[in-house]
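Q: structure, please.
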Amino acid sequence: MSSLKDLCSGLPLDPLPPNRGRDPGMPHAPIRTPNLTAEEERLALRNALRYFPASHHATLAPEFAQELRQHGHIYMYRFCPTLRMRAYPIHQYPCRTRQAASIMLMIMNNLDPAVAQFPQELVTYGGNGQVFSNWAQLILSLASLCAEIIFFGLFFVVCIPQVVPNYSSRSDYERMFALGVSMYGQMTAGSYCYIGPQGIVHGTMLTLLNAGRRYLGSGDLAGRVFVSSGLGGMSGAQAKAAVIAGCVGVIAEVDEAPLRKRHEQGWLMEVTSSLEHCINRIRKAKSSRTPLSLGYHGNIVDLWERLLLEYERTGELLVDLGSDQTSLHNPFNGGYYPVQLSFRQANQLMSTDPQRFKTMVQESLKTHTKAINKLSDAGMFFWDYGNAFLLEAQRAGAEVEKVGGGPTEFRYPSYVQHIMGDIFSLGFGPFRWVCTSGDPQDLAVTDNIAAGVLEEIGAGVTDHVRQQYHDNIRWIREAGKHKMVVGSQARILYSDQKGRVCIALAINQAVADGRVSAPVVISRDHHDVSGTDSPFRETSNVYDGSAFCADMAVQNVVGDAFRGATWVALHNGGGVGWGEVINGGFGLLLDGSEEAAKRASLMLNWDVSNGVARRCWSGNSNAYETIQRTMEENRQLRVTMPFPVQDERVLDRALQG
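A: Numbering: from 1, shown residues only. Sure thing, here's the model as predicted:
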């Protein structure tokens, strides 16, 4: 499998490729410990062999059994292609249609070593967010795309770990994953729409700017210090976002591989393993008001405790804003590393003594939270970045409760509740696109198209959304100079419903008239207005009792499918963990045709309005106004509007009587 043609020809069986095992030059997923019974091991092996003719079972069974026992899952390393996985220009894929080729391009981009966290385990990001469960699944899917066997009207559905609710626990996931019957698609990994750390860099920048406006009284973050952790997958955006926002960002990372990777890619300015150097660089950059991204190679708990010690010694609070982006949706399998152990020791213990490792993680979380609490009492502003940090800290027994708070509230807010929730309710979210030519010039053209569209629309927007348009126009005008492309020629841009539709139609026209040389895939992060039902993140500011309902994501996917998406995806898990969230995504190819324009208009209008309507019904005044205005602009849209209670005394009298 050394060419695209080979990769699309199906499983190589005659002869079988040599078993090269794992590449020692690549980072690898932590060893999993599913604790299968002997009968379950037998079932896992049976499930893996069903992809292959019986004539190969005797050869493959022993190595698959070894993978299961050694790594906790059967990845089928023998079938890992020798071809470099990356987003090749769309015309190179041996498919009958560009729609099929676009899906292949996005799949392969998600496994590009420059993009993916653990490429040989098919993990894109988040420690366990996979594109496929094993290499046979990938090869068979690509072959089907080339032959269009699985197409009905050129449409593709990805449905990842939809599990009966009572069997959606972490232990159930580990067992089902080991058996080869389910997997964790994260969010944009399983829907093939991951574009590297750029995928959340704009949202992270907006979070920092709006945190400054809310907590510090100004969007000017020069000389302000932001401290967080995680540089592996999506969290790699934090360093770049801090610099774009103009502040000093100090990000801790225990694993040297992603730290060096981000530095080499230009996403991180400096690296150090010295806490004293961190303190000195913070002080210097803070004083000179110079933007800086500094990667600390070490445990975030040590960094927080050193910052606390400095405050207790000198009375100087060196950090203004704080958060966390470790993969705490996956706390006991490499998503979080306890401060008591080195990186190597932790990886060893999590496989040899999982229960002791879990205990140490929870002890570390309590220490972690204790330092944050003291710094917050001194005046630092901390928020949960939607990675289940506060949820897992609470489960560990840390002091994060909010007295009198609801089931989704903690001592510190989710960034959706206090920072980004109003943006979602106004209809703004992370729209994105990928230029399938692979040509940077096409990306530059689409940047200019998007900027022009937003400037034209922005001239007539209400005061309520003017700040959002200003932030997003500034972003897209400056995006190219920040060198954010990793893998595919992609861009992220927060936009509202009208902006997304107009940008998509303008890009489609540019493809039609040749200003953009090849089709463009549009998509979004699932972390958006209506893509996700996540009570501890995306819907954490939904207070009508429906935060734990998952109907919006399902409605979103079904509606997008009806209205012309090229593919849709529905996931259990993503960001905050298996069983904690249901989210949906889509991909749509803009090939310059009138049909593509029609699909984009129909689908994008639904994709956003569905979520704004949900937020309107939960009592959000911004969403109420937004959906009213949208109906005035689009007479075909009809939303049943709620009648809010105007007089609380009505409720008081009824309940007292």
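Q: and residue 242, what does it touch?
A: In this structure, residue 242 makes contact with 208, 226, 248-249, 251, 291-293, judged by CB atoms under 8 Å, 6 or more residues apart in numbering. Quick note: C-beta positions are derived from backbone N, CA and C, even for glycine.
Q: looking at the protein, which strand is longest?
A: Looking across the chain with DSSP state E, the single longest strand is strand 582-590.
Q: give me the sheet partners of it and which way each runs.
A: strand 520-524 (antiparallel), strand 532-533 (antiparallel), strand 567-572 (antiparallel) (DSSP bridges).
Q: quick one: mark the members of the contacts of residue 242 that sit in strands.
A: Among the contacts of residue 242, the members found in strands (DSSP E) are 226, 248-249, 251, 292-293.
Q: out of those residues, which one sits closest to residue 116?
A: Nearest to residue 116 among these: residue 251, at 20.0 Å, using CB to CB.
Q: coming back round to it: buried deepest among the strands paired with strand 582-590, which one?
A: Ranked by mean neighbour count, the strands paired with strand 582-590 are led by strand 520-524 with a mean of 28 (mean count of other CB atoms under 10 Å).
Q: neighbouring contacts of that strand?
A: With contact meaning CB under 8 Å, 6+ apart, strand 520-524 is reached by 102, 105-106, 188, 191, 193, 429-436, 442, 446, 504, 507-508, 511, 531, 566, 585-590, 600, 604, 607.
Q: from these, which ones fall inside helices?
A: In helices, judged by DSSP state H, the following of those are found: 102, 105-106, 442, 446, 504, 507-508, 511, 600, 604, 607.
Q: now for the residues you listed: which two are most distant?
A: 442 and 607 (23.8 Å).
Q: out of the two, which sits in the busier spot?
A: residue 607 (29 against 22; other CB atoms under 10 Å).
Q: was I right about that one contacting residue 556?
A: Yes: under the criterion of CB atoms under 8 Å, residue 607 makes contact with residue 556 at 6.5 Å.
Q: overlap of the contact sets of the two?
A: Taking CB under 8 Å, 6+ apart as the contact definition, residue 607 and residue 556 share the neighbouring residues 530-531.
Q: all helices of the stretch 351-500 of the chain, in order?
A: Assigned helices in the stretch 351-500 of the chain, in chain order: 354-377, 389-396, 415, 421-425, 440-458, 463-478, 497-512 (criterion: DSSP state H, counting those that start in this stretch).
Q: what's the answer for the stretch 51-200 of the chain, then?
A: For the stretch 51-200 of the chain, applying DSSP H, counting those that start in this stretch gives helices covering 57-71, 98-109, 135-147, 170-179, 198-211.
Q: kindly export the last one (C-alpha atoms) in PDB.
A: Included here for helix 198-211 are C-alpha records, laid out as PDB according to Å, rounded to 0.1, in the frame of the first residue of the first chain:
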ATOM      1  CA  GLN A 198      -6.100  25.600  14.300                       C
ATOM      2  CA  GLY A 199      -9.600  24.000  14.800                       C
ATOM      3  CA  ILE A 200     -10.000  25.900  18.100                       C
ATOM      4  CA  VAL A 201      -7.400  28.600  17.900                       C
ATOM      5  CA  HIS A 202     -10.000  31.300  16.900                       C
ATOM      6  CA  GLY A 203     -12.400  30.100  19.700                       C
ATOM      7  CA  THR A 204      -9.500  30.100  22.200                       C
ATOM      8  CA  MET A 205      -8.500  33.600  21.200                       C
ATOM      9  CA  LEU A 206     -12.100  34.800  21.500                       C
ATOM     10  CA  THR A 207     -12.300  33.100  24.900                       C
ATOM     11  CA  LEU A 208      -9.300  35.000  26.100                       C
ATOM     12  CA  LEU A 209     -10.500  38.400  24.700                       C
ATOM     13  CA  ASN A 210     -13.900  38.000  26.200                       C
ATOM     14  CA  ALA A 211     -12.500  36.700  29.500                       C
END
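Q: now that helix and helix 463-478, what's the angle there?
A: Here helix 198-211 runs at an angle of 130 degrees relative to helix 463-478 (axes from the mean of the first three to the mean of the last three CA atoms, to 10 degrees).
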